[in-house]
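S.K.: quick one, what's the 3D model for this:
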Amino acid sequence: MGINFSADEIFEMAEEIERNGAKFYRQAAEHTSNSEQKKMLGDMAVMEDGHLRIFELMRKELSELEKEVTIFDPDNEAVLYLQTMADARGSEGRISAGQELTGNESMREVLQIAVNSEKESVLFYVGLKNLVPPKAGRDKIKRIIAEEMSHITTLLEKLKKV
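M.R.: From the prediction side, this is the model:
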């Protein structure tokens, strides 16, 4: 028997990943004295905040069926499991799952870290998508993936300019 999750649970994880991403950009902005780069990183943090609001809204719009827990979980361990997965696998906000910024990274390195993190997030959601049954909101997970892919495009455009 496989483990299934609801779209609600996946959105909860996506929200945490976006919070981590915003924190990453704000930390990177603190480490630079270049006002143009500081502004760009601040704008990226605001974009992550925007993604968070989109995911929160999408989560609020879920039907009761899409919010329904698909596994027997009397101790709410699934939420803890998903939180751990978001922290460990969704590396937005870190160089890698366990490594924060040092403050010595160049702008190019910061953006490359961000691109790689977004790619990891997309792969993460693609893998999770099949754990959400169609009736539990699988199509909504596709929307998360599309949002993350648009962020990669934005980051790649910024990377070309530095």
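
S.K.: every contact and neighbour count from this point should use C-alpha atoms.
M.R.: Will do.

S.K.: helix or strand: which one has the residue nearest the centre of the chain?
M.R.: Central residue of the chain (C-alpha atoms, centre = their mean): Ile17, 3.5 Å from the mean position. According to DSSP states H and E, Ile17 maps onto helix 7-30.

S.K.: how far away is the closest residue in space to His31 that isn't next to it in sequence from Glu30?
M.R.: Nearest residue to His31, sequence neighbours excluded (C-alpha to C-alpha, 6 or more residues apart in numbering): Gly103, at 5.1 Å. Relative to Glu30, Gly103 is positioned 8 Å away (C-alpha to C-alpha, to the nearest Å).

S.K.: returning to that earlier point: now the helix holding Ile17: buried residues?
M.R.: 7-29 (16 or more other C-alpha atoms under 10 Å).

S.K.: and Leu131, how far from Phe124?
M.R.: Separation of Leu131 from Phe124 (C-alpha to C-alpha): 11 Å.

S.K.: residue boundaries of the helices in this protein?
M.R.: 7-30, 35-60, 64-67, 77-88, 107-129, 138-161 (DSSP state H).

S.K.: okay, these in CSV with mean pLDDT next?
M.R.: Listed next are the helices of the chain as CSV, based on pLDDT from 0 to 100:
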stretch, mean pLDDT
helix 7-30, 86
helix 35-60, 90
helix 64-67, 72
helix 77-88, 61
helix 107-129, 86
helix 138-161, 88
